[in-house]
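Colleague: fold the following.
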Amino acid sequence: MLTDQKQKLVSAIIAACVGVLVASVPGWGLLLGPAIIGLIVWIPLGIRAAIKKPETRPLQAAYLIIYVLAISIVITLYHDRADAARKIGDAIVTKIDEFTARNGRCPASFDEIGISKSDEENLPGLPRYSCEDGKPHLTYLDVMDPYGHYWYDFQDRVWRGHSD
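Modeller: Below you'll find the predicted structure:
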């Protein structure tokens, strides 16, 4: 049978793993906010408990390591996803610009720049493209915010973001 401290430690590890799995779902990154706020509130309480009850210091330290590690994993995952989505977006912008320079018009769809429908569905951020009134429009979803997206301003040559 597990001791009480080991049982608490196993529970903390399971909770952290479940938290990582849930918060890692694309678009669910907003869950990091409450987790980080909870950690900020918990740290002083854990320190206080460790001061008042020295026998809990190893357990409190283990909790801190487990939860900080879990949050770090999720932040790193979202950073990598956001970086991948932006790199794909930049590559698409380059293809659109090259097509426009070569043909004197913007491409009608991703197909004209070599991105098939199946490729489009598997790209990070699920980029969407259209050409309206001779002007290209490229957007992709924010990988962290379920209501956010980015679009490329072809006139100013910059990515812009929006969260509804």
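Colleague: which is the next helix or strand following the longest helix along the chain?
Modeller: The longest helix of the chain (DSSP state H) is helix 57-103. Sequence order places helix 117-122 as the next helix or strand after helix 57-103, per DSSP states H and E.
Colleague: show the average pLDDT along that following helix.
Modeller: Rounded to a whole number, the mean pLDDT of helix 117-122 is 78.
Colleague: ok now the longest helix of the chain, how far from the chain's centre?
Modeller: 6 Å (CA atoms, centre = their mean, to the nearest Å).
Colleague: swap in stretch 125-145?
Modeller: Chain-centre distance of stretch 125-145: 18 Å, with CA atoms, centre = their mean.
Colleague: other residues contacting it?
Modeller: Counting by CB atoms under 8 Å, 6 or more residues apart in numbering, stretch 125-145 makes contact with 26-27, 29-30, 32, 78, 81-82, 85, 88-89, 92-93, 96, 100, 105-110, 120, 123-124, 148-152, 154, 161, 163, all of which sit outside it. The C-beta positions use only the backbone N, C-alpha and C, and glycine is treated the same way.
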